[in-house]
Structure formats: C-alpha cells, structure tokens
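J.: take this sequence and fold it.
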Amino acid sequence: MGHKMHMDQNEKLVMFGVTHVIAVDGYSKKIVANATMPVKNNLAIYEEVYRPAVTHYGMWDQLRVDHGKEFYLCLYMQETLSEYRHNQQRQPYLQTQSTRNHTVERMWPEINNRVNYPLKEALIQLQDQEAIDMEDSLTRFCTSNLTCQMGQIGINRFVQSWNAHRIPERGIPNHLAGTGTPRKITTDLLPDATVAADMYDRDMGSSLTRVSSFGSDPFLSEADKVRAEQHFARYYPDLSVIFDSAVNYNYAPFKEALIYLIDVTKTCS
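T.: Numbering: from 1, shown residues only. From the prediction side, this is the model:
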C-alpha cells in the first residue's frame, strides 16, 4: 500500500439527503472504506470511514482531503497519531482543492452513472408529479432513509468491482494493496467517534456537530420505529431488487416503495 489515503465526498443526491464518502489508498487505488449518510458529518465520517480504514489497513503517512469542514475530526486524529506513522518526513495531512484529488475524482463519474443518476431521476419525477413534498420533514426523513440504503447497495457493488478490476499498466487494486500499510495500529489508539469528538472539543476549544439529520425523526418511540420497519420489510424484503430495477431505468418499484414508506411512517408515528 502507499503512503497517502485520499478521502472525498459526493453530493449528487444531497438535495434528497444522501452523501457518499469514500477513502482510497493512493498507491493501489483500492477503496479501503466508504459510507453513505444523510448529511456529511465529522463524527459519522470518522466512525464509518477513517477509523475502519486505519484499524483494518494500518496508519497512512498522509491523509489528503479537500477544504471541507466535515473532515476536521479525521485530520485531528491523523495529527494526534502522527508519531505512529512509518514516514515522519511528510505532513500528516494535506488539504487541497477536490479537483486535485485525481484518484477519487475519476471514480465519481462512474458512481454517478451507476448509482446516483438513476435514483435522482426517480426522485425528481416524484417531485414533478407532486407525489412527494421535500419541504415536509417526515417526507425528507423517509426519502433520505430509503435512498441512503439504496445508494449504499450501489456503492458496495461498485467498490467490489473497482477493487477487483485491472487498471491498465498498474494492476488490480486488491492485489496491489497487499496486507496494508507498513505501520499497524492498535484499536485502543482509535477511540469511537464520541470520545474522539470530546478530545477534539477539549484540545481545539470548539465543538463539532454531533448529529446531523435530514428532516426530523418522526417516531416517538423505538417500538413505533420497529413496527414501521417491519411493515415495510413485509412488502419490500429485498431492496437490491428495487435498486436493480432503478438502475435499469424502471423507476416504478423505487417510487412505489418510497410512497409506501412515507405512508407507513405516518401511520406508525
């Protein structure tokens, strides 16, 4: 593996409460972690992308991101752990314009075509038909929830195929990555997001947004939420089937599933 890890986010579906974040090893071009979330958030990106990447593969010498504030917790922890890196000569992190993050920028067009554009088209059609109102908080919550799940199915498939495909004149990312970076790290050095955020607040004298939501959770109790999920799962047990339809330009199943989710949520909340 290389000495740099690139992290970047994709906001093609941000208006519907979906943001993708991926981390890529600079040398092998292997996608080492990814997450889909309603709103980009420091704690979520650290917990779901940076922490698993470093825990699993080891400590990169340098983390490269754009100038977005959503990476502050990752940069703070990279700085905090900088003595554990293999090569101490490099800056622990580098912030550059996202257009200069060539490794990740090449992946987004493919992810957009395979995942984001079909889902976005279906949602825009629903809006044009006035079947959903994105000003309504419950609708925003349900739309984000379902589309995040659909998007994650698509991203997971993309990651599998990307990591196994042959890059001309380089090789296959999975093979090039080998066993990870030279410097492994013990999990006790990477606390969970809440503890890391407490450290950040104390050391930096400013506080990070703990939870970012898209719409507001309409459920009054966990039991109500579980009941709604069970109702939905009875009709739609396998979301990958709906995703397959959507990416093959049959948007009806996805549209119907979203309308049903909104109705069930209204009934159960």
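J.: which residue of the protein sits farthest from its center?
T.: In the chain, the residue that sits farthest from the middle, by CA atoms, centre = their mean, is Q89; the gap is 30.5 Å.
J.: okay, that one: pLDDT?
T.: Q89 carries a pLDDT value of 87.
J.: could you check how far it is from S221?
T.: 55 Å (CB to CB, to the nearest Å). Glycine gets a C-beta too; all of them are placed from N, C-alpha and C.
J.: would you map the helices across the stretch 51-200 of the chain?
T.: 51-57, 72-80, 102-105, 108-111, 117-128, 137-164, 173-177, 193-204 (DSSP state H, counting those that start in this stretch).
J.: of all the ones you listed, which lies closest to C268?
T.: Evaluated over those, closeness to C268 peaks at helix 137-164, with 11.0 Å, by CB to CB.
J.: just checking, what packs against that closest one?
T.: Helix 137-164 sits against strand 18-25, strand 31-37, helix 108-111, helix 117-128, helix 173-177, helix 239-247, helix 252-268, with contacts defined as 3 or more CB pairs under 8 Å, 6 or more residues apart in numbering; DSSP states H and E.
J.: okay, now the unreliable bits of this protein?
T.: Low-confidence segments of the chain, defined by pLDDT under 70: 1-2, 98-103.
J.: quick check: C268 touching S221?
T.: No: contact criterion CB atoms under 8 Å: C268 and S221 do not qualify, at 9.9 Å.
J.: circling back: point out the most buried one among the helices and strands packed on helix 137-164.
T.: strand 18-25 (a mean of 27; mean count of other CB atoms under 10 Å).
J.: neighbouring strands for that strand, and are they parallel or not?
T.: strand 4-13 (antiparallel), strand 31-37 (antiparallel) (DSSP bridges).
J.: save those as JSON lines, and put in distance to Y200 too.
T.: Formatted as JSON lines, the strands paired with strand 18-25 follow (distance: least, CB to CB, whole Å):
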{"stretch": "strand 4-13", "distance to Y200": "17"}
{"stretch": "strand 31-37", "distance to Y200": "19"}
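J.: tell me which of those strands sits nearest to Y260.
T.: Using CB to CB, the nearest of the strands paired with strand 18-25 to Y260 is strand 4-13, at 20.1 Å.
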